[in-house]
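S.K.: Quick one: sequence and predicted model below, then my questions.
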Amino acid sequence: MTGPAWRPVGLVLAGGESRRLGSDKARLEGAALPLGAAERLAAVCAEVAVADRGRELVPGRRSLADGAGRGPAAGILGGAAAFPGRPLLVLACDLPRVPAGLLAELATETADWVVPRWEGGLEPLCALYGPAALAALAARVEEGRFSLHDLAADADLAVRYLEGETLRRFGDPQEIFFNLNTPGDLARWREA
């Protein structure tokens, strides 16, 4: 599919509970994580919304309630409900080093699910979810399965991995997908 219906909507995931960090990542003083993610997505997508459980964290961007399920799946399904039939270019707010160029590369793909993969790593919180992948995720959530990593096991989905030299053009995947999960991660990020 191509054309306007395939143009992805940028979706910032900012609704997590931040248990490991001990404070709300989306509201970290001086960090502006949801805003930064929204700006990177806006460089690629004409429409950007924030899956933040309706907390309106980014002024001027549509704030979305969670969909069915829990965790990131609930945020993604909230985006799917708000933009039916549209692909979603998903970026978690706690991935502050993902460059807009990588997001642009993901957005050009037309597979059902396009996800970065490297030696031992897969990053479903920075991925393109087409309508078929969103439907498969909704079906999995109805069965009580919330893991995004397992989505590639769905035999009916056309999965494209962004990997190898294509991925490394944007930098070291360990650095690109640096995730703010713990107080130590936050300290490392602020030092950099």
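M.R.: Ah, there it is.

S.K.: Tell me how many other residues crowd residue 56.
M.R.: 12 (other Cβ atoms under 10 Å). From N, CA and C alone the C-beta is placed, and that goes for glycine too.

S.K.: who's in contact with it?
M.R.: The contact partners of residue 56, by Cβ atoms under 8 Å, 6 or more residues apart in numbering, come to residue 63.

S.K.: Look up how far residue 64 lies from it.
M.R.: Residue 56 sits 10 Å away from residue 64, going by Cβ to Cβ, to the nearest Å.

S.K.: got it, and residue 131?
M.R.: From residue 131 over to residue 64 (counting by Cβ to Cβ), the distance is 17 Å.

S.K.: Among these two, which residue is more densely surrounded?
M.R.: More crowded of residue 131 and residue 64, by other Cβ under 10 Å: residue 64, with 25 against 18.

S.K.: which residues does the more buried one bridge with?
M.R.: residue 51 (DSSP bridges).

S.K.: My guess is it contacts residue 47. True?
M.R.: No. Checked against Cβ atoms under 8 Å, the pair residue 64 and residue 47 is beyond contact range at 11.9 Å.

S.K.: Can you show me the helices along this protein?
M.R.: In the chain, the segments counted as helices under DSSP state H are 33-42, 71-82, 100-107, 131-142, 164-168, 173-176, 183-191.

S.K.: Those helices: which one's closest to residue 154?
M.R.: helix 131-142 (4.8 Å; Cβ to Cβ).

S.K.: Any chance you could list what contacts that closest one?
M.R.: 67-69, 73-74, 76-77, 80, 85-88, 112-113, 129, 146, 148, 150-151, 154, 156-158.

S.K.: Which among these count as buried?
M.R.: 67, 69, 73-74, 76-77, 80, 86-88, 112-113, 129, 146, 148, 151, 154, 157 (16 or more other Cβ atoms under 10 Å).

S.K.: What residues sit buried inside stretch 54-61?
M.R.: 55, 57-58, 61.
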